[in-house]
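A.B. asks: Sharing a model prediction with you, sequence too.
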Amino acid sequence: MDSALTSPPRKAASTKIVIAGGFGVGKTTLVGSVSEIQPLRTEALVTNESEGVDNLDAVPSKATTTVAMDFGRLTLGEDLILYLFGTPGQRRFWFMWDDLCHGAIGAIVIVDTARLDESFSPLDYFEAKGLPFIVAVNQFEGIEQYTLDQVKAALALPPEVPIISIDARDRDSAKSALIRVTEYALEHLTRNLAGAS
């Protein structure tokens, strides 16, 4: 076979997406539901040491917490691999966010409508970094449901920031969030490149 007529196998491109949000909103659950590999989790037991430091009132049954990161992988087609990095939710571990976000194309900020006040700091973080992000409203059972427009208004999101509903436990729902953040990151990049020319 003539080597001039054959092309070498195409290497897969990889990209990084950050899954962020407050304590107990579903970050670890989302990474676990969609990862094709056994996710790497840095979970530790919630102990009495966290009393007065972490607010457990909204998630009283939570027995573990992420203390560094969650890591997962998802292959989309033959030529794109998504690496997923879940951030720790408690403020005392937020110093790691800069390292986890380094090289990411975008982020999914998961919010719980029962604790919207805890969403402002993660949203402010990504706005300040200039990293494209979407908001994913995790549909917890037993809490009052709001329309996406109501949540978007309550969070004072810029009009261009996408907001979607998800069930972090459901693989297809989690995949739709990953697809949407990837699309939005590409839209953001295209807008920036068009503005630069």
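C.D. replies: Yep, that arrived. Numbers count the residues shown, from 1 in each chain.

A.B. asks: going forward, measure contacts and count neighbours with C-alpha atoms only.
C.D. replies: Will do.

A.B. asks: Could you pull out the buried residues of the helix ranked longest in the chain?
C.D. replies: What stands out as the longest helix in the chain, according to DSSP state H, is helix 171-196. Within helix 171-196, the residues that count as buried by 16 or more other C-alpha atoms under 10 Å are 171, 173-175, 177-178, 180-182, 184-185, 188.

A.B. asks: which residues in the chain form strands?
C.D. replies: For the chain, the strands defined by DSSP state E occupy 13-21, 40-45, 64-76, 80-86, 106-111, 133-138, 163-166.

A.B. asks: For residue 121, find the nearest of those.
C.D. replies: strand 13-21 (8.6 Å; C-alpha to C-alpha).

A.B. asks: just the angle between that closest one and strand 80-86, please?
C.D. replies: 30 degrees (axes from the mean of the first three to the mean of the last three C-alpha atoms, to 10 degrees).

A.B. asks: and the angle from strand 13-21 to helix 171-196?
C.D. replies: Interaxial angle, strand 13-21 versus helix 171-196 (the same axes, to 10 degrees): 110 degrees.

A.B. asks: Other residues contacting strand 13-21?
C.D. replies: Identification of contacts with strand 13-21 by C-alpha atoms under 8 Å, 6 or more residues apart in numbering yields 27, 31, 79-89, 100-101, 103-111, 119, 122, 178.

A.B. asks: Off-centre distance for it?
C.D. replies: Remark: strand 13-21 is offset 7 Å from the chain centroid, using C-alpha atoms, centre = their mean, to the nearest Å.

A.B. asks: do stretch 109-129 as well
C.D. replies: Stretch 109-129 sits 11 Å away from the centroid of its parent chain (C-alpha atoms, centre = their mean).

A.B. asks: Turn the strands of the chain into TSV, columns for mean neighbour count, distance to residue 195 and mean pLDDT.
C.D. replies: TSV is the format used below for those (neighbours: other C-alpha atoms under 10 Å; distance: least, C-alpha to C-alpha, whole Å; pLDDT from 0 to 100):
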stretch	mean neighbour count	distance to residue 195	mean pLDDT
strand 13-21	22	24	92
strand 40-45	15	39	60
strand 64-76	20	29	73
strand 80-86	21	27	91
strand 106-111	27	19	97
strand 133-138	26	19	97
strand 163-166	20	24	98
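
A.B. asks: Distance to residue 192 for those - can I get that in CSV?
C.D. replies: Formatted as CSV, the strands of the chain follow (distance: least, C-alpha to C-alpha, whole Å):
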stretch, distance to residue 192
strand 13-21, 19
strand 40-45, 34
strand 64-76, 25
strand 80-86, 22
strand 106-111, 14
strand 133-138, 15
strand 163-166, 21
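
A.B. asks: residues near residue 30, how many?
C.D. replies: 27 (other C-alpha atoms under 10 Å).

A.B. asks: okay, now residue 141: neighbour count?
C.D. replies: Residues near residue 141, counting by other C-alpha under 10 Å, number 8.

A.B. asks: backbone phi and psi for it, please?
C.D. replies: phi -80, psi 150 (degrees, to the nearest 10).
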